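Asker: A structural model of the following input is requested.
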Amino acid sequence: MPTIQANGLELGYAIDGDGPETLVLVNGLADAKESWEAQIPAFAERYRVVSYDNRGVGESPTPPGPYSSAQMADDLHGLVDALGLERFHLLGVSMGGMIAQEYAIAHADRLLSASFCCTYSYPGPFCLRMFSCWRDLVPTLGVGFTQREVILWAFTTDFFEQHEDVVVEIEGLMAANPQPVEGYLAQLASIEDHDTRGRLGAVTCPAMTLVGREDILIYPKLSRRLHEELPDSKWVEVPGGHACLWEDPDAFNAAVLDYLGSVG
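Answerer: All right, here's what the predicted structure looks like:
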């Protein structure tokens, strides 16, 4: 995969499709650009789709941390500038939704729309305690073990009961996650410290706040608070939990494409 100079880093990226408008995807914690494999074929039928590796994961470098969502939004800004993108749709999931918020606050004029999926403007006491456990687990048991544990929070119990073969496959992928410990911990800091409360009025582009109805990791109440502070946000619910984009990709993809079509 190619890399491109952005904000002083060589970021790994990919481009799929050749539609008239561009959609930029921003990954969650510990996820490389390949995590969009269930979305890109559907999205690339209508859009030019840009996916990339945040600092600390995949083919992008791991500079010393901690990182912030605003710092990674600066990486994103460098990427889209280097690619010559003037206006585009932006979609981020979980940590990627936090990065997308910071980008939209700073550069709403560059966006055709912004989609904030399974994310929050501020973590609150529940999430902060969960993240503290991850921070303690990773140095001793590794990124792979911690990601296996996160599966229990990210998918619904119905998914475990009905798709055992898929769960086993996902567990194997999570256990083999090659992200360096220092990259994970640096990214984790960004979701612990993320706070856009009181600043979301600057997101003047059309927005969507999407949740998995059964999300127990970033529970919908947190996303609702984000939605209510945005000037122009559509609230969308899809089946599944925090990993709704993998648990029911058809429903997630359809919701995203329906929204993008309404603002395109």
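Asker: list the contacts of residue 112.
Answerer: Counting by CB atoms under 8 Å, 6 or more residues apart in numbering, residue 112 makes contact with 21, 87, 88, 89, 205, 206, 263, 264. (Glycine included, C-beta is placed from N, CA and C.)
Asker: per-residue pLDDT, the fourth one?
Answerer: Okay, so that is residue 89. According to the prediction, residue 89 has pLDDT 98.
Asker: shouldn't residue 117 be in contact with residue 240?
Answerer: No. When contacts are counted by CB atoms under 8 Å, residue 117 is not listed as touching residue 240 (11.4 Å).
Asker: who has more neighbours, those two?
Answerer: Here residue 117 and residue 240 are compared on neighbour count by other CB atoms under 10 Å; more neighbours surround residue 117, at 28 against 25.
Asker: what's the burial count for residue 183?
Answerer: Going by other CB under 10 Å, the residues that sit close to residue 183 add up to 23.
Asker: hang on, I meant residue 140
Answerer: Neighbours of residue 140 (other CB under 10 Å): 9.
Asker: doesn't it belong to a helix?
Answerer: Yes. The assignment for residue 140, made by DSSP: H, G, I helix; E, B strand; the rest coil, places it in a helix.
Asker: next SSE after the helix or strand hosting residue 125?
Answerer: Applying DSSP states H and E as the criterion places residue 125 in helix 124-154. Counting by DSSP H and E, the next helix or strand C-terminal to helix 124-154 is helix 157-162.
Asker: which strands and helices sit next to that following helix?
Answerer: Packing partners of helix 157-162 (3 or more CB pairs under 8 Å, 6 or more residues apart in numbering; DSSP states H and E): helix 164-175.
Asker: could you list the buried residues of the helix it packs on?
Answerer: By 16 or more other CB atoms under 10 Å, the buried positions in helix 164-175 come out as 170, 174.
Asker: swap in stretch 21-34?
Answerer: 22, 23, 24, 25, 26, 27, 28, 29, 30, 31, 32, 33.
Asker: among those, which two are most distant?
Answerer: 22 and 30 (25.4 Å; CB to CB).
Asker: excluding its backbone neighbours, what's nearest residue 94?
Answerer: With CB to CB, 6 or more residues apart in numbering as the criterion, residue 94 has its nearest non-adjacent residue at 3.5 Å, and that residue is residue 28.
Asker: now do that neighbour against residue 131, distance only.
Answerer: 13 Å (CB to CB, to the nearest Å).
Asker: go on, residue 183?
Answerer: Counting by CB to CB - residue 183 and residue 131 are separated by 16 Å.
Asker: same check on residue 200?
Answerer: In terms of CB to CB, residue 200 sits 22 Å off from residue 131.
Asker: which one of the two is surrounded by more residues?
Answerer: residue 200 (21 against 16).
Asker: what average pLDDT does stretch 145-154 get?
Answerer: Here the average pLDDT along stretch 145-154 is 94.
Asker: buried residues, it. List them.
Answerer: For stretch 145-154, by 16+ other CB under 10 Å, it's 146, 147, 148, 150, 151, 154.
Asker: now residue 213: closest residue in space that isn't a chain neighbour?
Answerer: residue 237 (5.0 Å).
Asker: repeat for residue 166
Answerer: residue 159 (7.8 Å).
Asker: can you check residue 40 too?
Answerer: Nearest to residue 40 is residue 16, by CB to CB, 6+ apart, at 5.1 Å.
Asker: so which strand or helix has the residue nearest to residue 94?
Answerer: Per DSSP H and E, there is no helix or strand for residue 28.
Asker: surely it meets residue 95?
Answerer: Yes. Using CB under 8 Å, residue 28 is in contact with residue 95, at 4.7 Å.
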